[in-house]
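A.B. asks: A predicted structure for the sequence below; I have some questions about it.
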Amino acid sequence: PAPAPAPAPAPETSPFSSSVVNKEQLFASIQETLAANKDAKVSFTDTASHWAANDIALAMRLQIIAGYQDGSFKPNASVSRAEFSAMIARAFHMTAGSSQVSFSDIGEQSWSTSYIEILASNGIIGGYQDGTFKPGQEITRAEMLTIISRILNLKQMSHEGPASSFKDVNSGYWAQKTIGDATAAGLVQGIGTDKFAPDSKATRAEALSLIVRSLKTDRSIEELLQ
């Protein structure tokens, strides 16, 4: 008798939350952006020897960020909540969601208003109890990771090991579970051997590296970004 056909491979589970990211549309958008910028020259005066140089160059080609007029990128500068919102919206090519959310401190003429509204309408970011968003406030490592956790299905990702235990992230810390899930999934690492520095201000390089790693958690997009 003829041998039984081999079972079809199980469909790859997308690491992205389907409620906020359409993987097919994201793949097509990234492919189009890369093609449009294939000949773009990425060169900053202050990133050649930086640990995140490759991620910064890729993020530039993906039009997630831009440098400064003096030719620098300032990789170690802090990132505001507005800036990170813009990076996320651009990186994942997001459009407005179904929720209506408004903040009292983002004006219609602000460069970041549309990005903040897109993320808020998809439930990715929220404001403060007083109705503000504080767009100019520097974002922390824990806040940045929390935003990413609303885009990625951390629990469904292939875990590389148990969650790390950090001395500065105790069981009562508001983002303890998110930090644990993200480290177990191999998405982030601590500072040194036993600290995460959750309340430290995130840098431009850290923000972009986290975003690039998040995009690459999808196998087909990772191959596209090679």
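C.D. replies: Structure received. Residues are numbered from 1 along each chain as shown.
A.B. asks: Show the average pLDDT along stretch 132-148.
C.D. replies: Taken as a whole, stretch 132-148 has a mean pLDDT of 96.
A.B. asks: try stretch 37-57
C.D. replies: pLDDT averaged over stretch 37-57 gives 90.
A.B. asks: distance between the ends of it?
C.D. replies: Here the two ends of stretch 37-57 are set 12 Å apart, with distance taken as Cα to Cα, to the nearest Å.
A.B. asks: got a list of contacts for it?
C.D. replies: Stretch 37-57 is contacted from outside by 60-63, 65, 67, 70-75, 205-206, 208-209, 212, using Cβ atoms under 8 Å, 6 or more residues apart in numbering. Where you see a C-beta, it was placed from the backbone N, CA and C, and this is true even at glycine.
A.B. asks: The helix or strand of the chain with the lowest mean pLDDT: how far from the chain's middle?
C.D. replies: For the chain, counting by mean pLDDT, DSSP states H and E, helix 176-184 ranks last in confidence among helices and strands (a mean of 91). Distance, stretch centre to chain centre, for helix 176-184: 15 Å (Cα atoms, centre = their mean, to the nearest Å).
A.B. asks: circling back to that earlier point, quick one: buried ones out of the contacts of stretch 37-57?
C.D. replies: 60, 62, 65, 67, 73, 75, 205, 206, 208, 209, 212 (16 or more other Cβ atoms under 10 Å).
A.B. asks: picking up where we left off before, buried stuff in the least confident helix or strand of the chain?
C.D. replies: 176, 178, 179, 180, 181, 182, 183, 184.
A.B. asks: So the first one sits against residue 169, correct?
C.D. replies: What that stands for is residue 176. Yes: counting by Cβ atoms under 8 Å, residue 169 is a contact partner of residue 176 at 5.4 Å.
A.B. asks: phi, psi of residue 152?
C.D. replies: With angles defined as degrees, to the nearest 10, residue 152 sits at phi -100, psi 140.
A.B. asks: And it, how close does it get to residue 88?
C.D. replies: 11 Å (Cβ to Cβ, to the nearest Å).
A.B. asks: now swap in residue 53 and tell me
C.D. replies: 21 Å.
A.B. asks: for residue 186, same thing?
C.D. replies: Separation of residue 186 from residue 88 (Cβ to Cβ): 20 Å.
A.B. asks: and the two? which has more neighbours close in?
C.D. replies: More crowded of residue 186 and residue 88, by other Cβ atoms under 10 Å: residue 88, with 25 against 14.
A.B. asks: Check the offset of the helix or strand containing the more buried one from the chain's centre.
C.D. replies: Secondary structure assignment for residue 88, by DSSP states H and E: helix 81-91. How far helix 81-91 lies from its chain's middle: 8 Å, per Cα atoms, centre = their mean.
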